[in-house]
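Enquirer: sequence below, structure please.
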Amino acid sequence: MTRSLELRGYQKKIVEEALHHNVIIMMPTGSGKTFVAAELMRQDLIQFPHKKALFLVPTIDLVEQQANAIKTWMNDNEVEVATFHGGKTPPELSKIRVLVCTPQSFIMSLSVGSKMSRYSFSSFKICIFDEVHHLLKEHPYRKIAFHLDEFKSENSGNGPTVVGLSASLTYAVCDESIKAALSRLCQELRITKMCTPSIEQLEKGGFRPKNDNVTILDIEEKCEGILAEWERKSHACYETFKNRVQNRKATDLSLKIWDIIQLLEEHASRHFSSFESPLINKEVLSWETYAAKLKSTMSEPRLFQLLEEWYVALRLLVVSWEEEYSLVLKWLLYRDALSVQDFLSYDIQDKIKEIEALATDKGKFIKLSVLRRQLSEKMDFFQEPIRCIIFVRQRISVYVITEFINRDEKLNDLGLKAGYLVSTNSKTTPSIKVSTTDATDTLKKFRSGDIQILVATSVAEEVRVELCHMNIISLRLILMSSKTGS
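Expert: As a prediction, the model looks like this:
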């Protein structure tokens, strides 16, 4: 296995320290953690030609990215690197050497005791956990860790070498919490060594931190009653949600929104005999499309506009496994779906007022408060006009964050205005579209300084090169933990 790339000095040292040990490698973003992991896999695959390497990544978005990095490092056509995530057929291990996949997909194919079981830990010499800090949460990584620990216990401690990668091992802030978190992480993965380069080694090796203008906001907002991540099956997202609602086991917000939609649909059925609930359709985007169509053909457009907004809210709960309550509440508030509608019954109005009380409770929106503080602190630090790009996953997040910034008094006092950008001609929802002209106009305003903040999905990565001559502060804000990216 030949390579055209070479490791930096500090990377070589980490490889030497980590080889054949259960280790956690902590290195800053951009310092080459993936190449270090790829070299560890490469050396194991040479020494153990009948074994495979497993590289786990927490999200679908990262599967292809990390697989490409590994292929680049291996630089050998004989080393077959395969990818696997929801919606794909599990690759045959006999035909590959490296498997890059999401933990949930690996769990489903591992399926201990299942007739459909395809994989076993006995096939792998090394198992990499990318972003290993996720194991500290209720994440599929933990289920894999439990299965791996059980496998090693049954095989006298033998099994794949474990390597965890992370730039930051815990979200805890106090010393006691940090110690407890790291202790649990090491115990559950049987870690025997921690490897991290010193600042001097990084600088000597040519690494220059590039995070001065990048802030990652990965703030959790706890929502009681959500489904554990390892119980989620992406292909049964809606069926799972519907069963939880019907059995009254869903989150309180999900139950309230479901009940309101049922009442709105009953109202529609009484006044329009042709109305049929779109919720029988598993294609969640079709719900709001159906309401938008009726809005243009029926005699009560206000009702169907309202239904469209509530269908969007329900769809967001479904695809985010009920986690994104902040996004849902702000969407309803900003779309005026919580205002009193005199054509609705008092029963519906009362239930909508309950949601309005939640949506106007400022204490519920931790992520938005952190975003406000970050923007304020950046303004204070630079003491000059700034440009900022905020990246989010959901197209509707783009709309909600833009509205939040433009409505927030403190940010307005700082002179900050926002615009949003998604892929052209895509639909946030039928009532909100972005044409090529709209996108071009937004970029012009951003360049000129008429708007200082660009809220965007990953499409904005394409324009960052064009904007690099500006003083841009790039805040990457992940607004939902759902991996769907809808």
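
Enquirer: now do the strands in this structure.
Expert: In the chain, strands defined by DSSP state E lie at 23-26, 52-56, 81-84, 98-101, 124-129, 161-166, 193-195, 214-217, 387-391, 418-421, 427-429, 432-433, 453-456, 472-477, listed in chain order.

Enquirer: how about JSON lines for the ones you listed, with mean pLDDT added?
Expert: Listed next are the strands of the chain as JSON lines, based on pLDDT from 0 to 100:
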{"stretch": "strand 23-26", "mean pLDDT": "92"}
{"stretch": "strand 52-56", "mean pLDDT": "95"}
{"stretch": "strand 81-84", "mean pLDDT": "93"}
{"stretch": "strand 98-101", "mean pLDDT": "95"}
{"stretch": "strand 124-129", "mean pLDDT": "96"}
{"stretch": "strand 161-166", "mean pLDDT": "93"}
{"stretch": "strand 193-195", "mean pLDDT": "89"}
{"stretch": "strand 214-217", "mean pLDDT": "56"}
{"stretch": "strand 387-391", "mean pLDDT": "81"}
{"stretch": "strand 418-421", "mean pLDDT": "88"}
{"stretch": "strand 427-429", "mean pLDDT": "65"}
{"stretch": "strand 432-433", "mean pLDDT": "78"}
{"stretch": "strand 453-456", "mean pLDDT": "86"}
{"stretch": "strand 472-477", "mean pLDDT": "46"}
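
Enquirer: may I see these arranged in JSON lines, with mean neighbour count as well?
Expert: No exception for glycine: its C-beta is placed from N, CA and C like everyone else's. Output for these, formatted as JSON lines (neighbours: other C-beta atoms under 10 Å):
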{"stretch": "strand 23-26", "mean neighbour count": "22"}
{"stretch": "strand 52-56", "mean neighbour count": "26"}
{"stretch": "strand 81-84", "mean neighbour count": "21"}
{"stretch": "strand 98-101", "mean neighbour count": "26"}
{"stretch": "strand 124-129", "mean neighbour count": "24"}
{"stretch": "strand 161-166", "mean neighbour count": "24"}
{"stretch": "strand 193-195", "mean neighbour count": "15"}
{"stretch": "strand 214-217", "mean neighbour count": "16"}
{"stretch": "strand 387-391", "mean neighbour count": "22"}
{"stretch": "strand 418-421", "mean neighbour count": "24"}
{"stretch": "strand 427-429", "mean neighbour count": "19"}
{"stretch": "strand 432-433", "mean neighbour count": "14"}
{"stretch": "strand 453-456", "mean neighbour count": "27"}
{"stretch": "strand 472-477", "mean neighbour count": "18"}
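
Enquirer: show me where pLDDT drops low in the stretch 151-300 of the chain?
Expert: Within the stretch 151-300 of the chain, the ranges that satisfy pLDDT under 70 run 168-179, 208-222.

Enquirer: swap the cut-off to 80 and go again
Expert: 167-182, 199, 203, 206-224, 229-230, 234 (pLDDT under 80).

Enquirer: F404 is nearest to which of the strands of the chain?
Expert: Nearest of the strands of the chain to F404, taken as C-beta to C-beta: strand 418-421 at 8.4 Å.

Enquirer: direction included, what does the closest one pair up with?
Expert: strand 453-456 (parallel) (DSSP bridges).

Enquirer: please work out how many residues are found near the residue nearest to P430 when sequence neighbours are not counted.
Expert: Nearest non-adjacent residue to P430, counting by C-beta to C-beta, 6 or more residues apart in numbering: A292, 3.6 Å away. Applying other C-beta atoms under 10 Å, we find 18 residues neighbouring A292.

Enquirer: could you report the distance from A292 to L285?
Expert: According to C-beta to C-beta, to the nearest Å, A292 stands 11 Å off from L285.

Enquirer: same check on T83?
Expert: Distance, T83 to L285, using C-beta to C-beta: 26 Å.

Enquirer: same question, E154
Expert: 45 Å.

Enquirer: and for E64?
Expert: 24 Å.

Enquirer: which of these two has more neighbours?
Expert: L285 (16 against 13).

Enquirer: ranges for the helices of the stretch 1-150 of the chain?
Expert: When assigned using DSSP state H, counting those that start in this stretch, the helices of the stretch 1-150 of the chain occupy the ranges 9-18, 33-47, 60-74, 103-110, 140-154.

Enquirer: list the contacts for H267?
Expert: By C-beta atoms under 8 Å, 6 or more residues apart in numbering, the residues touching H267 are 303, 344-345, 348.

Enquirer: and the residue lying closest to R190 once chain neighbours are set aside, what pLDDT?
Expert: Among residues not flanking R190 along the chain, N22 sits closest, at 5.2 Å (C-beta to C-beta, 6+ apart). N22 is assigned 93 on the pLDDT scale.

Enquirer: so N22 is in contact with K193, correct?
Expert: Yes - with contacts counted by C-beta atoms under 8 Å, N22 reaches K193, the gap being 7.1 Å.

Enquirer: so who does the closest residue in space to P103 that isn't next to it in sequence touch?
Expert: The shortest distance from P103 to any non-neighbouring residue, by C-beta to C-beta, 6+ apart, is to P140 (3.7 Å). Counting by C-beta under 8 Å, 6+ apart, P140 makes contact with 102-104, 107, 229-230.
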